[in-house]
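Novice: Structure for the following, please:
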Amino acid sequence: MEEKSLNDGKLNDSQYESGGIAEGNGDMAKAMEIQQIRKGEKRAGIFFFLLMLLEIPLSVLIIMLQERAPEKYAVLISILSTQSYLFLAAVVYILLNRLKWREDLSVRRYKPSTFFLSLVLLICASPMATWLNLFSQFFVSNSTSRAIFTVTESIPVWMGILVIGCLPGFVEETIYRGIFFSVFRKRSVLTGIVVSSLCFGLMHLNFNQMLYAVYLGVIFSLLVEATGSLVSTMILHMLFNAVNTLYVYLLPVLYRLASIASPEYANMEMEELFNQTQTIADILPAFIAVTPFAVGGLVLVVLLLKAIAGINGRPFTWNYIVGDRQQRKAVKPVTVCLILGWLFCLVTAALNALAE
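Specialist: The predicted structure follows:
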């Protein structure tokens, strides 16, 4: 069953008074619908703020667990604890709000042909993610790769792909494209894209990941809209993480092969490689080289999204994404709690950057 479009039916400006609907003049069914949108946004804002605020006691718990375990498992404990916490929070929110996986979170099947186009979409979207990652490294260090390398040293490949790739892909998509996007898209698809992507990017709590995570959040949100299915982005998110994790596992092998051709790679230590500080001179050549691929890939992403939407019989025009102007005027796009949650993320990211 497809979600009812909230852009159906237009109301005149005179029907709104101070952001509300004049009693006796408006469509009561539409008034109740808009009231539900407001309530949903408030609940989602509170949920995000609490989700981020409870990161403080969670961090204390993680430190306590890490102190009782071998040092090589420290990052693994952090990932498992964080993802377990996020999954539990998502389940509690879904149960309290009586959300249905199919109708409310869009967990439904989609056409097989869409799957293969989605893989091409991921390939085309990746250069821009790399470009944004490199751009962020002009200002902050890349701590994510170091963290992943630490995990790969202590667990086998299959477990690394499961823990770093599949688990976050499922949990984070459930929260950010399942809960947040579905709540805020009821105001307009564009609102859902912007709010859910900002929440997804900021929740990483470090400036290196934030930029490209917001970008990926936009791509994933558009894909959910184009397919009508959260499953599409769960799979894509898992693949994106899994490929990056597998790359870290394969890097030592690639360096050993390179050492056969060039002796300078023979004594290269992986830990030293991931811990060394990259200068602007180191990053700039790769940044320039990937720029045309990032721009070209982005054009292909837009074309692929339109093709995917067409296959699935979904509307995918700018007017549809922007939504009804009068409905947007009737509902504020953000709440106080949501803004507080964003500020918490930015302050935490700044403190993390200063601590490095």
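
Novice: Give the closest residue to Lys72 in space, chain neighbours not counted.
Specialist: The shortest distance from Lys72 to any non-neighbouring residue, by C-beta to C-beta, 6 or more residues apart in numbering, is to Ser154 (4.2 Å). The C-beta positions use only the backbone N, C-alpha and C, and glycine is treated the same way.

Novice: repeat for Met238
Specialist: Using C-beta to C-beta, 6+ apart and skipping residues adjacent in sequence, the residue nearest Met238 is Gly169, 3.4 Å away.

Novice: ok, the one you found to Pro112 distance?
Specialist: 20 Å (C-beta to C-beta, to the nearest Å).

Novice: The residue nearest to Met238: neighbour count?
Specialist: Each residue near Gly169 was counted by other C-beta atoms under 10 Å, and the total is 20.

Novice: quick one on the thing from earlier: retrieve the pLDDT associated with the residue nearest to Lys72.
Specialist: For Ser154, the model assigns a pLDDT of 77.

Novice: One more: the one 5 residues further on?
Specialist: Looking at Met159, its pLDDT reads 88.

Novice: residue ranges with poor pLDDT in this structure?
Specialist: 1-26, 145-146, 149, 255, 258-277, 356 (pLDDT under 70).

Novice: Tell me where it has strands.
Specialist: For the chain, the strands defined by DSSP state E occupy 16-17, 20-21.

Novice: quick one, what contacts Phe138?
Specialist: For Phe138, the contacting residues are Ile280, Ile283, Phe287, by C-beta atoms under 8 Å, 6 or more residues apart in numbering.

Novice: between those, which is nearest Ala226?
Specialist: For the contacts of Phe138, the minimum distance to Ala226 (C-beta to C-beta) is 29.9 Å, reached by Phe287.

Novice: The closest one: neighbouring residues, count only.
Specialist: Phe287 has 18 neighbouring residues, counting by other C-beta under 10 Å.

Novice: same thing with Ser113?
Specialist: 12.

Novice: check contacts around it.
Specialist: Going by C-beta under 8 Å, 6+ apart, Ser113 touches Ile311.

Novice: make it 10 Å
Specialist: Shown in contact with Ser113 (C-beta atoms under 10 Å, 6 or more residues apart in numbering): Ala307, Ile308, Ile311, Asn312.

Novice: my guess is the second one contacts Ala226, does it?
Specialist: Meaning Ile308. Yes. Judged on C-beta atoms under 10 Å, Ile308 makes contact with Ala226 at a distance of 4.4 Å.

Novice: hmm, back to that, in TSV: the contacts of Phe138, plus distance to Phe48.
Specialist: Output for these, formatted as TSV (distance: C-beta to C-beta, whole Å):
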residue	distance to Phe48
Ile280	35
Ile283	32
Phe287	32
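
Novice: of all those residues, which comes closest to Arg185?
Specialist: Among these, and counting by C-beta to C-beta, the member closest to Arg185 is Phe287, at 33.8 Å.

Novice: how far away is that closest one from Leu300?
Specialist: 20 Å.

Novice: Identify, from the contacts of Ser113, the entry nearest to Gln326.
Specialist: For the contacts of Ser113, the nearest to Gln326 is Asn312 (28.1 Å; C-beta to C-beta).

Novice: residues near Lys42, how many?
Specialist: Using other C-beta under 10 Å, Lys42 has 16 other residues around it.

Novice: And the closest residue to it other than its chain neighbours, its phi and psi?
Specialist: Spatial nearest neighbour of Lys42, chain neighbours left out: Thr335 (5.4 Å); criterion: C-beta to C-beta, 6+ apart. Note on Thr335: its backbone torsions stand at phi -120, psi 170 [degrees, to the nearest 10].

Novice: who's in contact with Thr335?
Specialist: Applying C-beta under 10 Å, 6+ apart, the residues near Thr335 are Arg38, Glu41, Lys42, Arg43, Ala44, Gly45, Ile46, Phe48, Phe49, Val195, Gly341.

Novice: separation between it and Arg38?
Specialist: Using C-beta to C-beta, we find Thr335 at a distance of 9 Å from Arg38.

Novice: shared neighbours, these two?
Specialist: Residues touching both Thr335 and Arg38 (C-beta under 10 Å, 6+ apart): none.

Novice: in the stretch 101-250 of the chain, which spans are helices?
Specialist: Here the stretch 101-250 of the chain has its helices, by DSSP state H, counting those that start in this stretch, at 112-136, 143-154, 157-160, 167-173, 181-184, 189-202, 207-227, 230-261.

Novice: rewinding a little: now do the shared contacts for Ile308 and Ala226.
Specialist: Listed as contacting both Ile308 and Ala226 by C-beta under 10 Å, 6+ apart are Tyr110, Thr114, Leu117, Ser118, Leu121, Ser232, Arg314, Phe316.

Novice: how about the helices of the stretch 101-250 of the chain, which one is nearest Arg68?
Specialist: Within these, the stretch nearest Arg68 is helix 143-154; the backing value is 15.6 Å (C-beta to C-beta).

Novice: which helices and strands does the closest one pack with?
Specialist: helix 74-96, helix 157-160, helix 207-227, helix 230-261, helix 270-275 (3 or more C-beta pairs under 10 Å, 6 or more residues apart in numbering; DSSP states H and E).

Novice: which of those helices sits most buried?
Specialist: helix 207-227 (a mean of 23; mean count of other C-beta atoms under 10 Å).

Novice: CA-only coordinates of it, as CSV, when you get a sec.
Specialist: The C-alpha coordinates for helix 207-227 follow below in CSV (Å, rounded to 0.1, in the frame of the first residue of the first chain):
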residue,chain,number,x,y,z
PHE,A,207,33.8,16.8,10.8
ASN,A,208,35.6,14.4,8.5
GLN,A,209,32.5,12.1,8.1
MET,A,210,29.8,14.8,8.4
LEU,A,211,30.3,16.3,4.9
TYR,A,212,30.1,13.2,2.8
ALA,A,213,27.6,11.6,5.2
VAL,A,214,25.2,14.5,4.5
TYR,A,215,25.7,14.0,0.8
LEU,A,216,25.1,10.2,1.0
GLY,A,217,22.0,10.9,3.1
VAL,A,218,20.6,13.0,0.3
ILE,A,219,21.4,10.2,-2.3
PHE,A,220,19.8,7.6,0.0
SER,A,221,16.7,9.7,0.6
LEU,A,222,16.2,10.3,-3.1
LEU,A,223,16.6,6.6,-3.7
VAL,A,224,13.9,5.7,-1.1
GLU,A,225,11.6,8.2,-2.8
ALA,A,226,12.5,6.8,-6.3
THR,A,227,11.9,3.2,-5.2
